[in-house]
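K.L.:
Sequence and predicted structure below; questions after.
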Amino acid sequence: MLRSRFCLRRVVTLGGCLAVAGCAVGPDYKTPASPAGSAYGKAAMPAATASADDRLGGAQHFVAGADIPAQWWTLFHSPALNRLVDQALRHNPSLAAAQAALKQARENVYAQEGAYFPQISGEFDASRNKTATRSVSPASATGNPYYTLYTAELSVSYTPDVFGLNRRTVESLAAQAENQRFQLEATYLTLTSNVVSAAIQEASLRAQVAATEQTVRNDEQLVALLNQQYRLGQIAKVDAIAQEAALAQARQTLPPLQKALALQRDLVTALVGGYPVDEPAEQFELAGFDLPLTLPESLPSNVVRQRPDVRAADATLHSASAQIGVAIANRLPQFQISPFGGSDANHFDQLFAPGNGFWSLAAGVTQPIFEGGTLLHKERAARAAYDQAAAQYKSTVISALQNVADSLKALQFDAETLNGAVAAERAARDTLDITQLQVKLGAASYVALLNAELAYQTAHVALVQAQAGRLADTAALFQSLGGGWWNRPL
């Protein structure tokens, strides 16, 4: 992948001095080869997930090579979510910070590109002087010991980029700017994904709170009924106390869920760039989301081009490659051309009169001879930095493909989990209804009723979590595939 080349082009004459123009030394960067293959595991992934008899239980189909819309979150068909993402993109400070970092990196490139051109500076001096006539002759042409001297001077400095020192430096800085560009894309993708995940988690917690509150209300009704039956002598005191204990346990599970929901609202507020007092008006319920049923499945070779973190790692590797060329060029001769000229006069109106001008034209070359091995070890350090960046790039690619594989497999199991959760919740609901009727008819014990209530509450919460998990893992798939940034206008 690294290929060093040294070349020397033709000698040209510039301003009467010899300048040499050449090719940039060091390796010419090539992006590492993309992973081969089209699968994310030894076993082939099914073309579609299982389905369940639930509003969010449709079978999701994977379409190989399908593109990802830039605003992929709109596929959930939630107007409240769309508004929340828009707020986050307008007000979250992490995007502003990433944009400023990109601007800084690009300005550094432009600044370094200035070294391609001659550096020109002008100078003007004016002085009032007196010559010590007892020891030296007057310095002025008139013989007057008092004189005024005006000097105007123009200096030019130019360093030909013979071995590509500046070109490799610009290349390295441009790669760093490219890294910042994809850091910005990664920030954008992370922010939108976090907003979607936070909204889904809020909806899940809100459903769990509602389910727990309904359980508490049901238990309160049963406690009132059993206490009345106890007063009438129909049941023993222990049965009423057992139901009161069940009510207390149900009430105990409610505050942690309410706490989690309150903290989730704080997270949503922070993601949209607001202070705690700026809590957004949007609130989320699972009923407000649709499940996308057609999902993209990109090839591994496409994922490395789509993922902002992989592209950022590639840019870091490119920058490290260019730094090898910089280190090599620093060990080679450096050429300098320095012409300057100007005019001196005792009177300002004669500053540019004939006979007052002066000029000089100089050229030089500097070759490091002995620096205690400093430049050699800097080159070796640059090569080691490249090796480090190459290993980090490979690690990023591995993590990216693992992320995609995890998301695809998670969706397969999410569908099966939801299918089981739907069946379990309905069975628990039927069991609870039957047990409640049997208790009223005296055909079942209150212990059986308590067990049925507990089973239903557990099954209902599991159903809510399975629904939210399927939505969240769908969002995670879009994130793992790159989020469609390439379809968004710059």
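P.N.:
Looks like it arrived, so ask away.

K.L.:
For the residue nearest to the spatial centre of the chain, what is the enclosing helix or strand?
P.N.:
Centrality entry for the chain: nearest residue to the mean C-alpha point is residue 186, 2.4 Å, by CA atoms, centre = their mean. Per DSSP states H and E: residue 186 is located in helix 165-231.

K.L.:
Can you pull out the low-pLDDT segments for the stretch 1-150 of the chain?
P.N.:
Residues of the stretch 1-150 of the chain meeting the criterion pLDDT under 70: 1-22, 141.

K.L.:
residue boundaries of the helices in it?
P.N.:
79-91, 93-113 (DSSP state H, counting those that start in this stretch).

K.L.:
Point out the most buried one among those.
P.N.:
Comparing the helices of the stretch 1-150 of the chain by mean neighbour count (mean count of other CB atoms under 10 Å), helix 79-91 ranks first with a mean of 17. Backbone N, C-alpha and C define where each C-beta goes, glycine included.

K.L.:
ok so, going back, packing partners for the helix holding residue 186?
P.N.:
helix 79-91, helix 93-113, helix 237-271, helix 308-329, helix 446-480 (3 or more CB pairs under 8 Å, 6 or more residues apart in numbering; DSSP states H and E).

K.L.:
circling back: let me know whether the residue nearest to the centre of the chain touches residue 309 as I believe.
P.N.:
Yes. Residue 186 is within contact range of residue 309, at 5.4 Å (criterion: CB atoms under 8 Å).

K.L.:
Could you say which of the helices and strands packed on helix 165-231 is packed most deeply?
P.N.:
helix 308-329 (a mean of 24).

K.L.:
Give me the next element, helix or strand, following that helix.
P.N.:
strand 334-345.

K.L.:
Beyond that following strand, next helix or strand please.
P.N.:
Next along from strand 334-345, by DSSP H and E: strand 357-366.

K.L.:
And what about residue 379, helix, strand or coil?
P.N.:
Look at residue 379: counting by DSSP: H, G, I helix; E, B strand; the rest coil, its state is helix.

K.L.:
Any chance you could list what contacts stretch 426-437?
P.N.:
With contact meaning CB atoms under 8 Å, 6 or more residues apart in numbering, stretch 426-437 is reached by 444, 448, 449, 452, 453, 455, 456, 458, 459, 460.

K.L.:
And for stretch 210-230?
P.N.:
For stretch 210-230, contacts defined as CB under 8 Å, 6+ apart pick out 235-237, 239-240, 243-244, 246-247, 250-251, 253-254, 257, 446, 449, 453, 456-457, 460-461, 464.

K.L.:
Average pLDDT for that stretch, rounded please.
P.N.:
Averaged across stretch 210-230, pLDDT comes to 86.

K.L.:
could you measure the closest residue in space to residue 487 that isn't next to it in sequence against residue 143, distance?
P.N.:
Leaving aside its sequence neighbours, residue 487 sits nearest to residue 70 (CB to CB, 6 or more residues apart in numbering; 4.2 Å). Distance of residue 70 to residue 143, computed by CB to CB, to the nearest Å: 82 Å.

K.L.:
Give me the more crowded residue out of those two.
P.N.:
In this view residue 70 and residue 143 are compared by other CB atoms under 10 Å, and residue 70 has more residues nearby, 15 against 11.

K.L.:
hang on, that one packs against residue 485?
P.N.:
Yes. Assessed by CB under 8 Å, residue 70 is found in contact with residue 485 at 6.8 Å.

K.L.:
low-confidence ranges in the stretch 351-490 of the chain?
P.N.:
Confidence mapping of the stretch 351-490 of the chain against pLDDT under 70 gives the ranges 490.

K.L.:
contacting residues for the spatially closest residue to the residue nearest to the centre of the chain that is not a sequence neighbour?
P.N.:
In space, and not counting its chain neighbours, residue 186 is closest to residue 308: 3.9 Å by CB to CB, 6+ apart. Neighbouring residues of residue 308 by CB under 8 Å, 6+ apart: 182, 183, 185, 186, 189, 482, 483, 485.

K.L.:
one more time with 7 Å
P.N.:
Listed by CB atoms under 7 Å, 6 or more residues apart in numbering, the contact set of residue 308 reads 182, 185, 186, 189, 482, 485.

K.L.:
Could you pull up the mean pLDDT of stretch 238-258?
P.N.:
Model confidence over stretch 238-258, given as mean pLDDT, is 89.

K.L.:
Over to stretch 312-322?
P.N.:
Throughout stretch 312-322, pLDDT has a mean value of 97.

K.L.:
chain center to it, what's the gap?
P.N.:
17 Å (CA atoms, centre = their mean, to the nearest Å).

K.L.:
which residues are contacting that stretch?
P.N.:
The contact list for stretch 312-322, computed with CB under 7 Å, 6+ apart, reads 27, 29, 31, 168, 171-172, 175-176, 178-179, 182-183, 186, 385-386, 389-390, 392-393, 396.

K.L.:
and if we set it to 6 Å?
P.N.:
Residues from elsewhere that reach stretch 312-322 (CB atoms under 6 Å, 6 or more residues apart in numbering): 27, 29, 31, 168, 171-172, 175-176, 178-179, 182-183, 385-386, 389-390, 393, 396.

K.L.:
Please write out the alpha-carbon positions of it in CSV.
P.N.:
What follows is stretch 312-322 as a C-alpha-only set of coordinates in CSV (Å, rounded to 0.1, in the frame of the first residue of the first chain):
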residue,chain,number,x,y,z
ALA,A,312,-13.1,9.5,9.2
ALA,A,313,-10.7,6.7,10.1
ASP,A,314,-9.7,6.5,6.4
ALA,A,315,-9.0,10.2,6.4
THR,A,316,-6.9,9.8,9.5
LEU,A,317,-4.9,7.1,7.7
HIS,A,318,-4.5,9.3,4.7
SER,A,319,-3.1,12.1,6.9
ALA,A,320,-0.7,9.7,8.5
SER,A,321,0.5,8.6,5.1
ALA,A,322,1.2,12.2,4.0
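
K.L.:
and the most far-flung residue of the chain relative to its centre, how far is that from residue 116?
P.N.:
For the chain, the residue at maximal distance from the C-alpha centroid (CA atoms, centre = their mean) is residue 134, at 76.7 Å. For residue 134, the distance to residue 116 equals 54 Å [CB to CB].

K.L.:
same thing with residue 442?
P.N.:
Residue 442 is 96 Å from residue 116, where distance means CB to CB.

K.L.:
Counting neighbours, go ahead and name the busier of these two.
P.N.:
Set side by side, residue 442 and residue 116 show more neighbours around residue 116, with 13 against 9, by other CB under 10 Å.

K.L.:
now the more buried one, nearest residue through space, not along the chain?
P.N.:
Counting by CB to CB, 6+ apart, residue 116 lies nearest to residue 166, which is 6.5 Å off, once chain neighbours are set aside.

K.L.:
Having no further points to raise, I will conclude here.
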